[in-house]
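Asks: I need the structure of the sequence given here:
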Amino acid sequence: YHSDASESSASGSSQESKPGVWSSIYKNLMNGISHMLPFVIGGGILMALSFIVENYAGGPKSPAFIFLNNAGNMAFAFMVPILSAYIAESIGDRPALMPGFAGGFMATVYTGAYGGAYTANVMANAKSPAGFLGGLASGFIAGYLVVGLKKLFSKMPKSVEGMRPMLIYPILGLLLIAAIMYYIVNPIFSGINFAITNFLNNLGTGNLVVLTAILAGMMSIDMGGPFNKAAYVFASGAFANDPHSTTAAIMMAAVMVGGMVPPFATAIATAFFKNKFTQKERRAGVSNWVLGFSFITEGAIPFAAGDPGHVIPSCIIGSAIGGALVGLWHIAVPAPHGGLWVSPLANHIWLYFLATIVGSIVAGLILGFWRKPVKNDK
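Replies: Modelled structure (predicted):
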């Protein structure tokens, strides 16, 4: 059998399948974030449990608090190195994993630990590690460094090809990423990280309300896509930099409220506006009560995919209102996940519930009144 397709059409399809620059960057970033999230969630929940023990069962000197808090902090310590390592691995394959991990670890270490002239030049301005932003940079830099090394040594004789993965890539990769982090990335991003931390900690109520409204609204734009992940990573990155920061805990609360609104809104709309949804959608809406309570935004994706013009704007408005209330009432939740299950950690438990309820009801009512009745539900 011989295909009738022309060579030009074949080449055209291959060109279409080639990813663009931004899609490639997004793919690499998501590879790092997907590997990082278990460390954030696992470590964060154990830290959250330790705060419950501290507040309700023994105080900061109890063995249970010390054990849980240390375990959570250990997992958090791997967050940025893992992010950096798997961004690099996505770009440069397995040889880039070690340089990416080392670069990410350098981003988490306080710059003063290096000593010498480096401390004198940098620490005068910023007593902070390069942090999450430095880890992002180190991942991409390490990945492309290894890509460059592969091209540079691609003409080596076959008799010594085995030296590349065993000697050349590890040694030169580590040497180059260490030099770049030491002299360029850490000094720059240490100052940026320090400035961002100070800015967040000194936000007034008005600015904080705007910030929390934006973060919460972003959670509903694509419900698990780039905007959603950007908001979550920004808040969890600030929380990882300083788990005891009240502002970081407020941002985490806003992100969780914003992420809980879409499943709750669709559950409310399907329950009280039954003529606007098919029987299948109403059944899916029932499960969204549990998914919303657990901060699983993805429960609303089937509704958003089927009717994005009504579902997404409704959820964005409700999430933004819920997030604004979080900033207005200074609701802090020192946990990166868990939804309403971690409400005992909130400094204002009932206001945390209220912000979620108000945002969800607003979104559910907008969606219910806005959507047209279903005809011929088979």
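
Asks: give the residue spans of the chain that score low on pLDDT.
Replies: Within the chain, the stretches with pLDDT under 70 are 1-19, 55, 110-128, 159, 196-206, 224-226, 241-243, 376-378.

Asks: and the longest helix for it?
Replies: helix 21-56 (DSSP state H).

Asks: and that helix, what does it pack against?
Replies: When contacts are defined as 3 or more C-beta pairs under 8 Å, 6 or more residues apart in numbering; DSSP states H and E, helix 21-56 packs onto helix 63-77, helix 79-92, helix 131-152, helix 226-241. Any C-beta I mention is one placed from the backbone N, CA and C, and that applies to glycine too.

Asks: so which of the ones you listed is the most packed in?
Replies: Ranked by mean neighbour count under mean count of other C-beta atoms under 10 Å, the helices and strands packed on helix 21-56 are led by helix 79-92, which reaches a mean of 28.

Asks: need the residues that contact that one.
Replies: 27-29, 31-36, 39-40, 43, 96-105, 107-108, 131-132, 134-136, 138-140, 142-147, 150, 240 (C-beta atoms under 8 Å, 6 or more residues apart in numbering).

Asks: which SSE is immediately downstream of it?
Replies: The first helix or strand that comes after helix 79-92 along the chain, using DSSP states H and E, is helix 97-108.

Asks: next, the angle from that following helix to helix 21-56.
Replies: 50 degrees (axes from the mean of the first three to the mean of the last three C-alpha atoms, to 10 degrees).

Asks: kindly export helix 97-108 (C-alpha atoms) in CSV.
Replies: Output in CSV follows, covering the C-alpha atoms of helix 97-108 (Å, rounded to 0.1, in the frame of the first residue of the first chain):
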residue,chain,number,x,y,z
LEU,A,97,19.2,16.4,36.5
MET,A,98,22.3,16.7,38.8
PRO,A,99,23.3,20.3,37.7
GLY,A,100,19.7,21.4,38.0
PHE,A,101,19.4,19.9,41.5
ALA,A,102,22.7,21.4,42.6
GLY,A,103,21.7,24.8,41.2
GLY,A,104,18.3,24.6,43.0
PHE,A,105,20.0,23.8,46.3
MET,A,106,22.3,26.7,45.9
ALA,A,107,19.3,28.9,45.4
THR,A,108,17.8,27.8,48.8
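
Asks: let me see the residues that make contact with it.
Replies: 77, 80-89, 129-132, 134-135, 137-139, 141-143, 145-146, 170, 173-174, 176-178, 180-182, 185-186, 189.
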